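1. what follows is a predicted structure for the sequence shown.
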Amino acid sequence: MACPEKSDLIEAYADGELDLGSSLEIERHLADCKDCAAVLEGHRALRSALGTASLYHDAPAQLSSRVRAAVRKQEKVFAASPFFGWRWLAVAAPVISLVILGWSLVTVSRMPSSEDLLNQEIVSAHVRSLMAAHLTDFPSSDQHTVKPAFNGRIDFSPEVKDLASEGFALIGGRLDYLDRRPVAALIYQRRKHLINLFIYPAEDGAGERAVETSLRGYNLIRWTRAGMRYAAVSDLNLVELRSFQQALQE
Ligand SMILES: [Zn+2]
């Protein structure tokens, strides 16, 4: 029987896709929930079965010589025909090159840039924080409680601002993992909308204009300031998310 509470997160846990806090929560849950422990066991058994050699079979020894013989026979037919000689290829080669070039350009232009990937990662981290019922590692509306809570957990000290007077209530802080490093996540709330504010040191330290994106129904603003990278993501409308960003910068 599927456990309604956590079963959809068990596979993500087994594949190492959850952040540290969510993983610890799942481990605590697994100790008490037989259903989820069974789901995890099944997932691990399936993975190890897929990894064993019993699913792979060597091709019969004669197959390779039969394929080679068939190819040689076909080559002779082509060589004998005036249409399929090498002269035909000399005419067709530039056309084929153009087709391949065109196809490569289409493929390259469709590949997501590193910026796109980072935006997707930020939105995923936001969604995951809401799904796992693990929004905060240290819930507090007091900036003087949240800021020291990061001490010793990450190698930088994020600025924690109280924006209650601007209409953005601080809910707490959390550790997360983003852009291949641990980051601080601050959670703010405006009406029923939650905002994740991710903070981590910028490698280049250079100033950067704010980038606004909308992805999977969430608004996202990224910017760099005083050597730190910031990313605010929420289902809050863009105008109010901008005023959140403005309030942070003041
Ligand atoms: Zn369960």
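-> Arrived safely, thanks for sending.
2. can we go C-alpha only for contacts and neighbour counts from here?
-> Fine.
3. three-state assignment of residue 196?
-> strand (DSSP: H, G, I helix; E, B strand; the rest coil).
4. on the pLDDT front, check it for me.
-> The model reports residue 196 with a pLDDT of 97.
5. not counting its neighbours along the chain, what's nearest it?
-> Leaving aside its sequence neighbours, residue 196 sits nearest to residue 187 (CA to CA, 6 or more residues apart in numbering; 4.9 Å).
6. and that neighbour, how many neighbours does it have?
-> 25 (other CA atoms under 10 Å).
7. who's it bridged to?
-> residue 172, residue 196 (DSSP bridges).
8. ok, it touching residue 173?
-> Yes. With contacts counted by CA atoms under 8 Å, residue 187 reaches residue 173, the gap being 6.0 Å.
9. picking up where we left off before, against residue 136, how distant is the residue nearest to residue 196?
-> Per CA to CA, to the nearest Å, residue 187 is found 7 Å from residue 136.
10. residues shared between the contacts of the two?
-> With contacts taken as CA atoms under 8 Å, 6 or more residues apart in numbering, the residues that reach both residue 187 and residue 136 are 171, 172, 173, 174.
11. most neighbours, which of those?
-> Neighbour-wise, the shared contacts of residue 187 and residue 136 (other CA under 10 Å) top out at residue 173, 28 neighbours.
12. grab the nearest non-local neighbour of that residue.
-> residue 186 (4.5 Å).
13. so where's the chain shaky on pLDDT?
-> Scanning the chain with the threshold set as pLDDT under 70 gives 1-2, 52-58, 77-89, 91, 105-110, 132-133, 204-208.
14. secondary structure element for the residue sitting nearest the centre point of it?
-> The centre of the chain sits closest to residue 121, judged by CA atoms, centre = their mean, with a distance of 3.7 Å. Using DSSP states H and E, residue 121 sits in helix 114-131.
15. identify the residues contacting the helix or strand that that helix is followed by?
-> Downstream of helix 114-131, the next assigned helix or strand under DSSP H and E is strand 138-139. For strand 138-139, contacts defined as CA under 8 Å, 6+ apart pick out 146, 149, 171, 172, 173, 174.
16. within reach of the ion, which of those are there?
-> Residues of the contacts of strand 138-139 in contact with the ion (CA under 5 Å from the ion): none.
17. now for those, which pair is the farthest apart?
-> 149 and 171 (13.5 Å; CA to CA).
18. up against the ion, what does the chain have?
-> 3, 33, 36.
19. for this structure, which segments count as helices?
-> 7-14, 20-32, 34-51, 61-80, 86-110, 114-131, 143-149, 238-249 (DSSP state H).
20. which residues touch the first one?
-> By CA under 8 Å, 6+ apart, the residues outside helix 7-14 that reach it are 18, 23, 26, 36, 39, 40, 43, 44, 132.
21. can we see that at 6 Å?
-> The contact list for helix 7-14 (CA atoms under 6 Å, 6 or more residues apart in numbering) reads residue 36.
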